[in-house]
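Student: Structure of the sequence below:
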Amino acid sequence: MCTLAVAFHPGSALPLCVAANRDEALDRPATGPALRAGPPPFIAPRDERAGGTWLGLAASGLFVGITNRFGKPPERTRASRGALVWSALAQPSAQALRDSLSGLPGSRYNPFHLVYADAERGFITWSDGDSVQHVELAPGLAVITERSLGAVPQVEREARLRQAWADARVRAPDDLERLIPALTLHDPRAPLRGTCVHADALNYGTRSSLLLALPSDRRRARMLWAEGRPCTHAHADRAALLRALWP
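Tutor: The predicted structure is shown next:
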């Protein structure tokens, strides 16, 4: 996944709101979000080539998402980054996940940015393939791509997404559809600079899209999912999945 935006406002009526697009090889097999057994149970899509996932929501209220990180070339002998997300969703809280990652060796996975938060705490754990760093999320909007945290500067995509988010004025779960334009930004001159990527000649592009609102009252939580590019595939409401996660 290459664009991940997390609005983190602990103590508010809407402590966590997420918008995410996954950019991947067009022929890489994957299945959409489903309730996974855990324990504890969680909602996540699945990468059917390597296993694991690129994002998920656990019954504890913990959200976890990952992006690749530009820099060091990937090594095929390393563990799947998708497996890292899958196992992370078993943790009971963002703080517990942060603690569990304290001794993570930098050589286990290819470079990544792991973003995780619940209603109380949020963190980014990232690796350049040699060492692992941890950053606590400050209240506000965090935008993470494969180029973040000093990997390869690219301010255009982040700036445009931040402006689109500000224009959306999301204050409650019922406002979630207002964020769709933030996930359908295109740059005809440089397709990889948009949030919605069309690079068919490279067998690459945006494959799916998530919008998630996690209010303090879980009964009002909302999840929208587009199985395909969000500019051509509608975001469908996945209320049934949330009801299964939180009966």
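
Student: where's the helix ranked longest in the chain relative to the chain centroid, distance-wise?
Tutor: Taking DSSP state H as the criterion, the chain has its longest helix at helix 155-168. Helix 155-168 sits 16 Å away from the centroid of its parent chain (C-alpha atoms, centre = their mean, to the nearest Å).

Student: so what does it touch, helix or strand wise?
Tutor: strand 3-8, strand 140-145 (3 or more C-beta pairs under 8 Å, 6 or more residues apart in numbering; DSSP states H and E). For the C-beta atoms, the positions are set from N, CA and C on the backbone; glycine is no exception.

Student: Mean pLDDT for those strands - can I get that in a markdown table?
Tutor: As requested, the helices and strands packed on helix 155-168 are arranged in a markdown table below (pLDDT from 0 to 100):
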| stretch | mean pLDDT |
| --- | --- |
| strand 3-8 | 97 |
| strand 140-145 | 97 |
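
Student: of all those strands, which lies closest to Asp175?
Tutor: Among those, the nearest to Asp175 by C-beta to C-beta is strand 3-8 (11.5 Å).

Student: could I get the helices and strands packed on helix 155-168 as a markdown table with distance to Gly228 and mean neighbour count?
Tutor: Shown next, in a markdown table, are the helices and strands packed on helix 155-168 (distance: least, C-beta to C-beta, whole Å; neighbours: other C-beta atoms under 10 Å):
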| stretch | distance to Gly228 | mean neighbour count |
| --- | --- | --- |
| strand 3-8 | 15 | 24 |
| strand 140-145 | 20 | 19 |
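
Student: before we move on, the earlier item: the longest helix of the chain: which residues count as buried?
Tutor: Residues of helix 155-168 classed as buried by neighbour count (16 or more other C-beta atoms under 10 Å): Arg157, Glu158, Arg160, Leu161, Ala164, Trp165, Ala168.

Student: Could you do stretch 107-119 as well?
Tutor: In stretch 107-119, counting by 16+ other C-beta under 10 Å, buried: Tyr109, Asn110, Pro111, Phe112, His113, Leu114, Val115, Tyr116, Ala117, Asp118, Ala119.

Student: What is the nearest of these to Leu149?
Tutor: Taking those together and measuring to Leu149 by C-beta to C-beta, the closest member is His113, at 6.6 Å.

Student: Thought Ser148 was touching that closest one, still the case?
Tutor: Yes: in this structure His113 lies within contact range of Ser148 using C-beta atoms under 8 Å: 5.9 Å.

Student: In a strand, Leu242, correct?
Tutor: No: Leu242: not assigned to a strand; according to DSSP: H, G, I helix; E, B strand; the rest coil it is helix.

Student: show me the residues around Arg49 that make contact.
Tutor: Arg28, Pro29, Ala30 (C-beta atoms under 8 Å, 6 or more residues apart in numbering).

Student: Mind giving me the PyMOL select for those residues, buried ones only?
Tutor: Under the burial definition 16+ other C-beta under 10 Å, those of the contacts of Arg49 that qualify are selected in PyMOL by:
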select buried, resi 30
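
Student: In strands, which of the contacts of Arg49 appear?
Tutor: If you go by DSSP state E, those have Ala30 in strands.

Student: and the contacts of Arg49 as CSV, adding pLDDT and distance to Pro45?
Tutor: Formatted as CSV, these follow (pLDDT from 0 to 100; distance: C-beta to C-beta, whole Å):
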residue, pLDDT, distance to Pro45
Arg28, 97, 12
Pro29, 97, 11
Ala30, 98, 6
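
Student: Nearest to His233 among the contacts of Arg49?
Tutor: Out of these, the member with the shortest distance to His233 (by C-beta to C-beta) is Ala30, at 14.0 Å.
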